[in-house]
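Chemist: everything below, folded, please.
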Amino acid sequence: MRYGVWDKLAHKYNRLWVQKYSLGPTRREVKKIVLPLLADKPELKILDVGCGTGQLIKEISEQYPEVDYLGIDVAHNMVEIAANDNTGVNVQFKHCPIEEFTSEEQFDLILCTHAFPYFPDKPGMVKKFATLCKGNGKVIIANSSTNSLKDLIINFGLKATTSKAKYLSIEEMKKLFAAAKLNLLDVKIIREKFYMPTIALFDTERKPE
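Modeler: Reported below is the predicted structural model:
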């Protein structure tokens, strides 16, 4: 199974070393964007794609429990842990690949942290994010990015320990956003240690109709 490794990792995911130098710092930077928005508009709806064990939703919902949250992930065990760790009345999790996900409503914020490299159809997924996002809503994507020989070597090692992935460069991501009619507002580079690859956080906004 293509994503079976994530089910196997689920029960130790929150204790992996990358939490300290990659996943945790990424959540910190995402929250710097999201929390001020929720302070002004607590009625927003958030979709977390590739939510894993629900860490990001948990950290945000602890401060803003009134927001509607939905997390989706391909790994059943990840979703199960997320649901057990997040008991807020406005928090839901669903075992579903993004390729199969449908929704009758759109979301104000779509978050995708460290899952995007594993999507086979990356242009299609960015366009789907744009479709699922309300006009003037935000799509925030953050993941390892290959922009140098060093990044290439480190990301090759990451790929060998998880599942098939492609870590696009910042310039390649910019082209995907332009094709999906998402305005790129900012790119934040996250690098906690010299032996970590470039982690790029893309803050985008959907153009209004």
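
Chemist: so where's this protein uncertain?
Modeler: By pLDDT under 70, the weakly predicted segments of the chain are 1-3, 157-163.

Chemist: could I get the full set of strands for it?
Modeler: For the chain, applying DSSP state E gives strands covering 45-49, 68-73, 91-95, 107-113, 133-145, 182-190, 198-206.

Chemist: list the buried residues for the longest one?
Modeler: In other words, strand 133-145. Cys133, Lys134, Gly137, Lys138, Val139, Ile140, Ile141, Ala142, Asn143, Ser144, Ser145 (16 or more other Cβ atoms under 10 Å). From N, CA and C alone the C-beta is placed, and that goes for glycine too.

Chemist: let's have the residues you listed in CSV, adding distance to Lys122.
Modeler: As requested, these are arranged in CSV below (distance: Cβ to Cβ, whole Å):
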residue, distance to Lys122
Cys133, 17
Lys134, 22
Gly137, 20
Lys138, 19
Val139, 13
Ile140, 16
Ile141, 10
Ala142, 15
Asn143, 11
Ser144, 14
Ser145, 12
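
Chemist: what is the nearest of those residues to Thr26?
Modeler: Ala142 (5.0 Å; Cβ to Cβ).

Chemist: now that closest one: closest residue in space that isn't a chain neighbour?
Modeler: Residue nearest to Ala142 in three dimensions, not counting chain neighbours: Leu201, with 4.0 Å by Cβ to Cβ, 6 or more residues apart in numbering.

Chemist: so the residue nearest the centre of the chain bridges to which residues?
Modeler: The structure's the chain has its C-alpha centroid closest to Cys112; by Cα atoms, centre = their mean the separation is 1.6 Å. Assessed by DSSP bridges, Cys112 has beta-bridge partners Ile141.

Chemist: surely it is in contact with Phe129?
Modeler: Yes. In this structure, Cys112 is within contact of Phe129 by Cβ atoms under 8 Å, at 7.2 Å.

Chemist: what sits in contact with each of these two?
Modeler: Counting by Cβ atoms under 8 Å, 6 or more residues apart in numbering, the shared contacts of Cys112 and Phe129 are Val49, Val139, Ile141.

Chemist: widest-spaced pair of the buried residues of strand 133-145?
Modeler: Lys134 and Ser144 (28.3 Å).

Chemist: circling back: looking at the strands of the chain, which is nearest to Lys166?
Modeler: The nearest among the strands of the chain, by Cβ to Cβ, is strand 133-145 at 10.4 Å.

Chemist: that closest one vs strand 45-49, what angle?
Modeler: 30 degrees (axes from the mean of the first three to the mean of the last three Cα atoms, to 10 degrees).

Chemist: one step back: any idea how far the residue nearest to the centre of the chain is from Asn84?
Modeler: 22 Å (Cβ to Cβ, to the nearest Å).
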